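Colleague: Take this sequence and fold it.
(one chain, ligands or ions: 1)
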Amino acid sequence: MRRGSKKARRRFSLRTWLALSFMLFSFIAAAVLFLELIFFAPLYYTFKIRETRHMTETLMDTYGSEDYADRIRTQAFSNQVCVTVTDARGRVLYSEDVMGGNCLLHGWRNYLYPLLSELEASESGNITLSVFDEQLGMETLVVGSVIGDAAEPDGYILCNTIIEPIGTTVSLLKRVTLGIALVLLVVGLVIAMILSDRLSRPIIRITQSAGRMAQGDYTTVFQGGGYREADELARTLSYAEHEIARVDTMQRDLIANVSHDLRTPLTMLKAYAEMIRDLSGDNPVKRAAHLQVIIEETDRLTMLVTDILDLSKLENGSQKLETQEVGVRAWLTDIIGRYKGISEQMGYHISFTPDEERMITCDPGKLERVVCNLINNAINYTGEDKCVYVSQINTEDGVRIEVRDTGAGIEEDKLGKIFDKYYRSENHRRETVGTGLGLSIVKAILKLHGFRYGVRSKLGEGSVFWFEAR
Ligand code: ADP
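Modeller: Modelled structure (predicted):
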């Protein structure tokens, strides 16, 4: 536990994580921009060569067409390239100058013939030259091709264009990029701060509330806010708080109830033992009566302690089911038969409405306890007529067993709590059989079997407790 918390303390906070992430993002963005700038010049150069070569090839392919002069003009102006086309002997057939005599092919510095010689001499029939034009003070590109067969050429085409000096532009862009990267970094950090604040504020609030809840304050309000996940967390914790508070109250009630129920018989035991010692010891009739009370109270104590132990065993899973096939009709008839003798002496009437015999798989010992607990409760809480009705109703996939009484019934808001381990109604009667754990044991056994169960009740008319065995 301690180790865990130490570890957690060493971890980065949400704010640091976000700030680091944004810094990383800004760094990557800047790096990408820089990389692009590094490759910008070579890419531009390659692009320029490819464009000019493509243009040359287009003009080669259309050589001899009727509108060839127009084609040359269009291409030269749209690409800003000077073009000269000669016949096989080097006589100029077409010429387009887009640089006002400032290129290598036109004007007084006529490099046309040296370039033609170079093209003639080339093995591939193509030349691509990067020439520094001293007069212009710029790098220029010369692309030439032989038209037709290299051995017997139809003519020659030469193109010349300026390679824009982009060095200054690139270095300027580098500075701008650096600026952008810095701005990105600052903006990123500010966003990270705002975002982390928005994200962490509800978490911090919820953590503080959880701390208060852990100290036993179940009135703590969990406040989400900001975003859906925080709201959901707050809602879930509120629900958990509600449940913990409920269990806590029930646990307190149980301890209060159990200690009350333990103290009452213990007080009785002591009182009657003292009475026998001081008063009735020599009077056999009184002594026998007092001893009878002691025996009954001991039984009650034993029952209570047994119920508590049984329930805890059922709930912690240490009690396994010993299942077998059981015929419901015969089994219920037997249980109710055994009941009848005792309860009818006390004026109770237990009637059984059977259905056709049906086999179910269950632990008969434990399921008998369920039926007995339900019948005991029905006897305890039934009305003036002292009637209890047990029914077997065969359903499509099993058997429904119902125990009905004609008592005061249970209020609607209590129905949900009735099977709770620690729940006891205010009108619980000590003088009747039961420890206050009966229905909790019923629930535990039925859950272990996987049987559905429930209760319906109408105030003034009585209650029906049921379960469905398969
Ligand atoms: P106990 O009967 O010993 O109090 P149970 O767990 O069997 O304990 O029952 C829990 C509560 O459910 C009882 O205190 C009682 O208020 C209510 N209850 C159970 N069965 C009935 C019934 N048939 N009619 C009315 N109330 C009932």
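
Colleague: what's the spacing between the helix or strand encompassing Ile38 and its chain's center?
Modeller: In this structure, Ile38 sits in helix 14-61 according to DSSP states H and E. Computed by CA atoms, centre = their mean, to the nearest Å, the separation of helix 14-61 from the middle of its chain amounts to 40 Å.

Colleague: And stretch 100-110, by the same measure?
Modeller: Distance of stretch 100-110 from the chain centroid (CA atoms, centre = their mean) equals 74 Å.

Colleague: Can you show me the CA trace of that stretch as PDB?
Modeller: The C-alpha coordinates for stretch 100-110 follow below in PDB (Å, rounded to 0.1, in the frame of the first residue of the first chain):
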ATOM      1  CA  GLY A 100      14.400  39.700 -74.100                       C
ATOM      2  CA  GLY A 101      17.800  38.500 -75.400                       C
ATOM      3  CA  ASN A 102      19.100  37.700 -72.000                       C
ATOM      4  CA  CYS A 103      19.300  34.000 -72.400                       C
ATOM      5  CA  LEU A 104      22.000  31.700 -73.700                       C
ATOM      6  CA  LEU A 105      20.300  31.000 -77.000                       C
ATOM      7  CA  HIS A 106      19.400  34.500 -78.100                       C
ATOM      8  CA  GLY A 107      20.900  38.000 -78.000                       C
ATOM      9  CA  TRP A 108      24.500  38.900 -78.600                       C
ATOM     10  CA  ARG A 109      26.100  36.200 -76.500                       C
ATOM     11  CA  ASN A 110      25.100  33.400 -78.800                       C
END
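
Colleague: which residues sit against that stretch?
Modeller: Contacts to stretch 100-110, defined as CB atoms under 8 Å, 6 or more residues apart in numbering, come from residues 82-84, 95, 97, 99, 111-112, 115, 131, 133, 135-136, 140, 142, 158, 160. All C-beta spots, glycine's among them, are computed from the backbone N, C-alpha and C.

Colleague: try stretch 21-35
Modeller: 174, 177-178, 180-181, 184-185, 188-189, 191-192.

Colleague: Neighbour count and pLDDT added to those, as a markdown table?
Modeller: A markdown table is the format used below for the contacts of stretch 21-35 (neighbours: other CB atoms under 10 Å; pLDDT from 0 to 100):
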| residue | neighbour count | pLDDT |
| --- | --- | --- |
| Lys174 | 15 | 82 |
| Thr177 | 18 | 82 |
| Leu178 | 13 | 84 |
| Ile180 | 15 | 85 |
| Ala181 | 17 | 82 |
| Leu184 | 18 | 84 |
| Leu185 | 17 | 83 |
| Gly188 | 20 | 84 |
| Leu189 | 15 | 84 |
| Ile191 | 13 | 88 |
| Ala192 | 21 | 85 |
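
Colleague: Now do the residue of the chain most remote from its centre against Leu116, distance only.
Modeller: Taking CA atoms, centre = their mean as the measure, the residue most remote from the mean C-alpha position of the chain is Arg89, 81.4 Å away. Per CB to CB, to the nearest Å, Arg89 is found 10 Å from Leu116.

Colleague: what does Gly179 give?
Modeller: 49 Å.

Colleague: Compare those two (neighbour count), which wins?
Modeller: A side-by-side neighbour count of Gly179 and Leu116, using other CB atoms under 10 Å, places Leu116 first with 20 against 10.

Colleague: going on from the helix or strand that the more buried one is a member of, what's the next piece of helix or strand?
Modeller: Using DSSP H and E, the element containing Leu116 is helix 112-121. Per DSSP H and E, the first helix or strand lying C-terminal to helix 112-121 is strand 126-133.

Colleague: Counting by contacts, list what that next one packs against.
Modeller: Judged by 3 or more CB pairs under 8 Å, 6 or more residues apart in numbering; DSSP states H and E, the packing partners of strand 126-133 are helix 112-121, strand 138-148.

Colleague: just those: most buried one?
Modeller: For those, ranked by mean neighbour count under the definition mean count of other CB atoms under 10 Å, the leader is strand 138-148 at a mean of 20.

Colleague: Good, we can wrap up now.
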